[in-house]
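Novice: Here is a sequence together with a model predicted from it:
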Amino acid sequence: MKTDASLQDEVMAELDWEPSIDAAEIGVAVKDGVVTLSGFVDTYGEKWTAEKVAGRVSGVKAVAEEIKVRLPGTYERSDEEIARAAANILEWNTNVPHDRIKVTIQDGWVTLTGEVDWEYQKDAAYEAVRDLMGVRAVANEITVKPVVKPLDIKAKIESAIQRKAVLDARRITVEAHGSKVIFNGSVRSWAERQEAQSTAWAAPGVTEVENKILITP
């Protein structure tokens, strides 16, 4: 079991290893395996990347992200400019049903609403606008309402987990209540926990995932 001090050192080293962010601007605190990130970054994309980088370190149980986006003058854009860019990039993304998604922007804060059939479409919309210049934050309020009825969700997800080399299927249990999936069990890292959740969202008909998996390195 890693101490909080050693885990802090490893998270800081992993952040420093990531070339797309300035690790010197990010503070790292660890308590009982929970990592808290603070500080300032130039873009929302860096903020998102920092959270993902910290979460992939072995021994991390959760990540509390308190980083603020402080745009330099050259990155400032008006809400109208951001809205125009968001509309264009969503329209050009083949994974996004752009005609079913609405974008609203206030002071650089982007809110996505609408309905899609799959979780990957919701994620694709978020990823498309996340790195736009001038964006300070993104609230993804798109809902998933699949046209596919949930059939044998539990069996499909269990089979998918067994195919994943990074997951130990014996340590994970799956429950399905209609279109809702509930995970229980344990995994070795935060990244594995997220991988299990992503696997569930890939199943046709899933509209909600409750992840109760514990992290036991």
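Specialist: It's in. Numbers count the residues shown, from 1 in each chain.
Novice: What segments of the protein are strands?
Specialist: 26-31, 34-41, 62-65, 68-69, 101-106, 109-116, 137-140, 143-144, 172-177, 180-187, 208-211, 214-215 (DSSP state E).
Novice: of those strands, which approaches R130 most closely?
Specialist: R130 sits nearest to strand 137-140 of all these, at 5.7 Å, using Cβ to Cβ. (Glycine included, C-beta is placed from N, CA and C.)
Novice: coming back round to it: for the strands of the chain, could you give me JSON lines that also reports mean pLDDT?
Specialist: Output for these, formatted as JSON lines (pLDDT from 0 to 100):
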{"stretch": "strand 26-31", "mean pLDDT": "97"}
{"stretch": "strand 34-41", "mean pLDDT": "96"}
{"stretch": "strand 62-65", "mean pLDDT": "94"}
{"stretch": "strand 68-69", "mean pLDDT": "95"}
{"stretch": "strand 101-106", "mean pLDDT": "96"}
{"stretch": "strand 109-116", "mean pLDDT": "97"}
{"stretch": "strand 137-140", "mean pLDDT": "97"}
{"stretch": "strand 143-144", "mean pLDDT": "92"}
{"stretch": "strand 172-177", "mean pLDDT": "92"}
{"stretch": "strand 180-187", "mean pLDDT": "94"}
{"stretch": "strand 208-211", "mean pLDDT": "94"}
{"stretch": "strand 214-215", "mean pLDDT": "92"}
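Novice: Tabulate those strands (TSV), appending mean neighbour count and distance to R130.
Specialist: Conversion of the strands of the chain to TSV gives the following (neighbours: other Cβ atoms under 10 Å; distance: least, Cβ to Cβ, whole Å):
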stretch	mean neighbour count	distance to R130
strand 26-31	17	18
strand 34-41	18	13
strand 62-65	15	14
strand 68-69	14	11
strand 101-106	16	13
strand 109-116	18	9
strand 137-140	16	6
strand 143-144	14	18
strand 172-177	17	29
strand 180-187	18	25
strand 208-211	14	21
strand 214-215	14	26
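Novice: Just put the ones you listed in a markdown table and tack on distance to V129.
Specialist: As requested, the strands of the chain are arranged in a markdown table below (distance: least, Cβ to Cβ, whole Å):
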| stretch | distance to V129 |
| --- | --- |
| strand 26-31 | 23 |
| strand 34-41 | 17 |
| strand 62-65 | 18 |
| strand 68-69 | 14 |
| strand 101-106 | 7 |
| strand 109-116 | 5 |
| strand 137-140 | 6 |
| strand 143-144 | 17 |
| strand 172-177 | 32 |
| strand 180-187 | 27 |
| strand 208-211 | 23 |
| strand 214-215 | 30 |
